[in-house]
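> sequence unknown, structure follows:
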């Protein structure tokens, strides 16, 4: 079985994916980068020209990255021991960061680990790596019904409730986000930071954390 798959949903940003690939190479990452794109993406041909280890094309189902993230994780379930997420605007900076994450999780039956994105730091895991049994129990990397936001809130809540989440301050996975002054506010950012979408995802997050379904997930992972 392979060890770690990093899943990165992307749309309209082949240049970001090339920069992410370059960061993987510069930090000597040995994990598998899995890029998930919409089959109607107008820049699809440009993605196909990149040296992406694994490119998955899916029909688009609404806004955001939650659905493609889950669908890719389910497609790859059973093939990897660990699953991770990075946005196409994350850039690993610490050499061998993937080996560090795997080493932290290796002795944990259930666990999550995240690095320092130089924006949220310990406050939120905007990037995450988790044990595969979480994907098995959850049916993906995030609960159903989410669109794009509050995914990191969910990971933090889950890991905190189970006492199985670890933050590594010295492992830098830089988030090149416009809110950090490190990127431009393009059409994709505008779409997924829409106030209505944010409200929907916030409501879904609160409802899920209060649901019997979440308690069943916690029990299963314990």
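Good, I have the coordinates. Small disclaimer: the values here were computed from a predicted structure and weren't measured. Numbers count the residues shown, from 1 in each chain.
> among the helices and strands of this protein, which one scores worst on average pLDDT?
helix 187-192 (a mean of 56; mean pLDDT, DSSP states H and E).
> I figured residue 128 hits residue 115, correct?
No: using CB atoms under 8 Å, residue 128 makes no contact with residue 115, being 9.3 Å away. Where you see a C-beta, it was placed from the backbone N, CA and C, and this is true even at glycine.
> follow-up on the earlier one: show the subsequent helix or strand relative to the least confident helix or strand of the chain.
helix 195-209 (DSSP states H and E).
> show me where this structure has its helices.
For the chain, the helices defined by DSSP state H cover 14-26, 44-48, 66-76, 97-105, 132-138, 151-162, 187-192, 195-209, 212-221.
> out of those, deepest packed?
Burial of these is given as mean neighbour count (mean count of other CB atoms under 10 Å); helix 66-76 ranks first at a mean of 22.
> not counting its own residues, what contacts that one?
Applying CB atoms under 8 Å, 6 or more residues apart in numbering, the contact partners of helix 66-76 are 5, 7, 9, 34, 36, 38, 56, 58, 61, 83, 85, 135, 139-142, 144, 146-148, 151.
> same question, stretch 24-39
With CB under 8 Å, 6+ apart, stretch 24-39 has contacts from 2-11, 17, 20-21, 44, 47, 52-60, 68-69, 71-72, 76, 80, 84, 88, 92-99.
> just stretch 92-100 next, same as before
4, 6, 23-24, 27-31, 86, 115, 168, 170-174.
> gap between the two ends of that stretch?
12 Å (CA to CA, to the nearest Å).
> mind checking pLDDT for residue 178?
Residue 178 carries a pLDDT value of 63.
> my bad, residue 74
96.
> now it: how far from residue 206?
25 Å (CB to CB, to the nearest Å).
> count of residues packed around residue 12?
For residue 12, the neighbour count with other CB atoms under 10 Å is 19.
> hmm, it is touching residue 40, no?
No: taking contacts as CB under 8 Å, residue 12 lies outside contact range of residue 40: 10.9 Å.
> quick one: contacts of stretch 214-222?
Residues outside stretch 214-222 that contact it (CB under 8 Å, 6+ apart) are 110, 133, 134, 137, 138, 143, 158, 161, 162, 208.
> average model confidence for it?
Rounded mean pLDDT across stretch 214-222 is 96.
> just give me how far it sits from the chain centre.
Mean-position distance between stretch 214-222 and its chain equals 21 Å (CA atoms, centre = their mean, to the nearest Å).
> ok, stretch 91-107 next?
15 Å.
> and that stretch, what's its mean pLDDT?
For stretch 91-107, the mean per-residue pLDDT is 96.
> just the buried residues from the contacts of stretch 92-100, in PyMOL please.
Only the buried entries of the contacts of stretch 92-100 go into this PyMOL selection, using 16 or more other CB atoms under 10 Å:
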select buried, resi 4+6+23+24+27+29+31+86+115+168+171+172+173+174
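> out of the contacts of stretch 92-100, list just those in strands.
4, 6, 115, 168, 170, 171, 172, 173, 174 (DSSP state E).
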